[in-house]
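Enquirer: Sequence below, structure please.
(2 chains)
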Amino acid sequence: MNNSTPLGTFFRTAIAVICALTILFPVIWMVSMMFKPADVMFARPTQFFFSPTLANFDYVIAQGFLSNLVTSLLLGVISTAMVVVIGTPAAYAFARFEMKKKDDLFLFILASRMAPPVCLVIPFYLIYAKIGLLDTFVGLSLAYMTFNLSFYVWVLRSFCRDLPVELEEAAILEGWSKPQVFWRVVFPLLRNGIVATSVLCFIFAWNEFLFAFMLGGSSVQTLPVAIPKLITAQGVRWGEVAVVGVVSLAPVLAVVVLLQRHIVRGLTMGAVKG
Amino acid sequence: MTLTITGDVAARPKRASWYPYLLIAPTMITLCVVSLVPFIYAVYLSFHSAKYGRVTDFIWFDNYKALISNPDFWNSMYVAGIFVAIAVPIEFMLGMAGALVLSKGVKGRSILVPLLFIPTMMAPIVVGLLWKIMLAGSWGVLSYNVIERFNIVSGTSIFASEQYALYALIFIDIWQWTPFMMLAFFAGLQALPQGPYRAAAVDGAGAFQIFFRLTMPLMAPLLFVIGLLRFIDAFKVFDTIFILTRGGPGTATESPSLLAYKMTFDFWNIGEASALAVFVWLIFFIACNVFYQIAKKKLNAF
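Expert: This next block holds a predicted model:
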């Protein structure tokens, strides 16, 4: 595959750039919607040029979306932290040790990741209604474990397997205890993998809608769930919808720039080591 | 992507000990609580008459019988089937074409690649809003400039059209997942062994021959695994449909997830909804098993 000419590269680059712009056009359009006054927004034919306004932001802030933003951030951080604490040792164990029925245990983890959320939300709702966990951070964090904990263990395991085992063997020969080996050898080496995987977990929690919608409520209301507030009796406040949409896109943008190498691995459950 | 096997067999203590079980215990206990218990509860509910939040009699398979004779159930399977059958092959072909272009050499790849991840990593609910804006009746930039101009749907939004709403959702899925497929296939292409390609070049094989007789067979397990993940995802899709059409107009876009949601929270027919959930779960469990076996044996990924 090394027969590429400068002209060929130029054409391929041109095609790729045009495709990328086409793909991203809706996102760019939504960003421009944030600054549009209402009359321009509904103009027929479409007006591509307009004088920008910040009025849409004022309404979003007045509607209390900042508290939804804080809730989303808090919930993302709490649920991800729980996943990291519980899941890291398991990922290491699955990568390094022989266990009876290991395949079955591992398949159980995969199956909990794959389960359709709507199937889970029915029993969750009924159980939570009985034990009073509806509309609490604990309840939602637990619910997020169904997809994030299994995801985390599954993907982090593939990072563990990339680590050289010699260091751990050397440490054991030095007479270190097993917890020492884990904390002082494995953990520092695994730090990048932990960061990459847990940031993806945070994004999944940040993006989540169904659980937050059904199991949340007025005191724990995340950003995606608050969006219907903008669909009023007078119609949909599109400019404000665009603002909330772009705000919820911000951490995702940060992640795709910083973690691009790990996203493919994450989303294929470790099957592709991008 | 590395195709070498390290780990497991070569790994530490020869004798089995309690230590690994201690390490996995918190995860296993948590997962039992958050996913096994709800599953068992759903199975329990599916064998009971449970309407309007009150669980009453044990009724064997009556919920399943009701489900099978419910036309909405078959409609939802049909919707999911059409969705997968159209969206996934198109995503595959476009993704593969894009991956081949990328791997042939493109300038500025380091800028392009992160941009291509945006649609896939966006919240599905925001994807829905985005396309609601693009395709809003009469003033949406695409509905005014494309759909109305070519008279595909006139008067209302495309999502209110019984005929086209599902295709609009499929289009959105393709928009969301094709860039990801491209990058996943690109990663796969990068990891292919170079030896066979040199041999093929020496033998004077053409580009088509190389692609169909060499690249495709080498990529086959990876394509299968990614296809399976997309199959599972397409059955799971909820947020986008919920915000755009709520399964309507009528039942034109009512996927199994939407149907289960409506049965539970609109009609409070929890028994039958649970039967549907258990049914979908079983399909998923089989799909997972296949995914695991293929990924483990053919890709040496786990």
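Enquirer: quick one: residue A:83 from residue A:202, how far?
Expert: 9 Å (C-beta to C-beta, to the nearest Å). Quick note: C-beta positions are derived from backbone N, CA and C, even for glycine.
Enquirer: Just want the most central residue of the chain.
Expert: If you meant another chain, say so; for now it's chain A. residue A:203 (1.8 Å; C-alpha atoms, centre = their mean).
Enquirer: my bad, the chain I had in mind was chain B
Expert: residue B:233 (1.8 Å).
Enquirer: which element is it on?
Expert: Element membership for residue B:233 (DSSP states H and E) is helix B:216-236.
Enquirer: Could you pull up the mean pLDDT of that helix?
Expert: For helix B:216-236, mean pLDDT is 80.
Enquirer: Mind giving me the packing neighbours of it?
Expert: helix B:71-104, helix B:165-190, helix B:256-261, helix B:270-297 (3 or more C-beta pairs under 8 Å, 6 or more residues apart in numbering or on different chains; DSSP states H and E).
Enquirer: Quick check: buried residues in the longest one?
Expert: Residues of helix B:71-104 classed as buried by neighbour count (16 or more other C-beta atoms under 10 Å in any protein chain shown): B:72-73, B:75-77, B:79-80, B:83-84, B:86-88, B:90-92, B:94-96, B:98-103.
Enquirer: Chain A next: which of these are close?
Expert: Applying C-beta under 8 Å from any C-beta of the partner chain to the buried residues of helix B:71-104, one finds that B:98, B:101, B:102, B:103 fall near chain A.
Enquirer: Between the residues you listed, which sits nearest chain A?
Expert: Distance ranking of those against chain A, using C-beta to the nearest C-beta, places residue B:101 first at 5.2 Å.
Enquirer: ok, residue B:140 to residue A:35 distance?
Expert: 18 Å.
Enquirer: and the host helix or strand of residue B:132, how far out from the chain's middle?
Expert: Using DSSP H and E, residue B:132 sits in helix B:124-134. How far helix B:124-134 lies from its chain's middle: 18 Å, per C-alpha atoms, centre = their mean, to the nearest Å.
Enquirer: helices or strands next to it in the packing?
Expert: helix A:6-33, helix A:187-207, helix A:238-258, helix B:141-142, helix B:165-190, helix B:239-244.
Enquirer: Neighbours of residue 170, how many?
Expert: As the question left the chain open, I've gone with chain A. 12 (other C-beta atoms under 10 Å in any protein chain shown).
Enquirer: Wait, chain B was what I had in mind.
Expert: 20.
Enquirer: Surely it and residue B:87 touch.
Expert: Yes: the pair residue B:170 / residue B:87 is scored as a contact, 4.9 Å apart, by C-beta atoms under 8 Å.
Enquirer: I'd like the ones next to chain A among the buried residues of helix B:71-104 as JSON lines, with pLDDT appended.
Expert: Converted to JSON lines, those look like this (pLDDT from 0 to 100):
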{"residue": "B:98", "pLDDT": "88"}
{"residue": "B:101", "pLDDT": "85"}
{"residue": "B:102", "pLDDT": "84"}
{"residue": "B:103", "pLDDT": "83"}
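Enquirer: Buried residues, the longest helix along chain A. List them.
Expert: Ranked by residue count and defined by DSSP state H, the top helix of chain A is helix A:65-96. Using 16+ other C-beta under 10 Å as the test for burial, helix A:65-96 gives A:65, A:68-69, A:71-73, A:75-76, A:78-80, A:82-84, A:86-96.
Enquirer: which of the residues you listed come close to chain B?
Expert: Applying C-beta under 8 Å from any C-beta to the buried residues of helix A:65-96, those adjacent to chain B are A:86, A:87, A:89, A:90, A:92, A:93, A:94, A:95, A:96.
Enquirer: so what's the first one up against?
Expert: Residues touching residue A:86, when contacts are defined by C-beta atoms under 8 Å, 6 or more residues apart in numbering or on different chains, comprise A:145, A:149, B:26, B:27, B:30.
Enquirer: Which one (most neighbours) among those?
Expert: residue A:149 (28 neighbours).
Enquirer: mind checking the SS state of that residue?
Expert: Three-state call for residue A:149 (DSSP: H, G, I helix; E, B strand; the rest coil): helix.
Enquirer: was I right about it contacting residue A:87?
Expert: Yes: Residue A:149 lies in contact with residue A:87 (C-beta under 8 Å); the separation is 5.4 Å.
Enquirer: any common contacting residues for those two?
Expert: By C-beta under 8 Å, 6+ apart, the residues touching both residue A:149 and residue A:87 are residue B:27.
Enquirer: which stretches of chain A have low pLDDT?
Expert: Along chain A, segments meeting pLDDT under 70 span A:1-4, A:43-46, A:233, A:271, A:273-274.
Enquirer: thinking again about what came up before, need the max-distance pair from the contacts of residue A:86.
Expert: Maximum pairwise distance among the contacts of residue A:86 (C-beta to C-beta): 11.0 Å, between A:145 and B:26.
Enquirer: buried residues in stretch B:234-253?
Expert: B:234-245, B:247-248, B:251-253.
Enquirer: So what's the gap between that stretch and the chain middle?
Expert: Using C-alpha atoms, centre = their mean, the offset of stretch B:234-253 from its chain centre is 14 Å.
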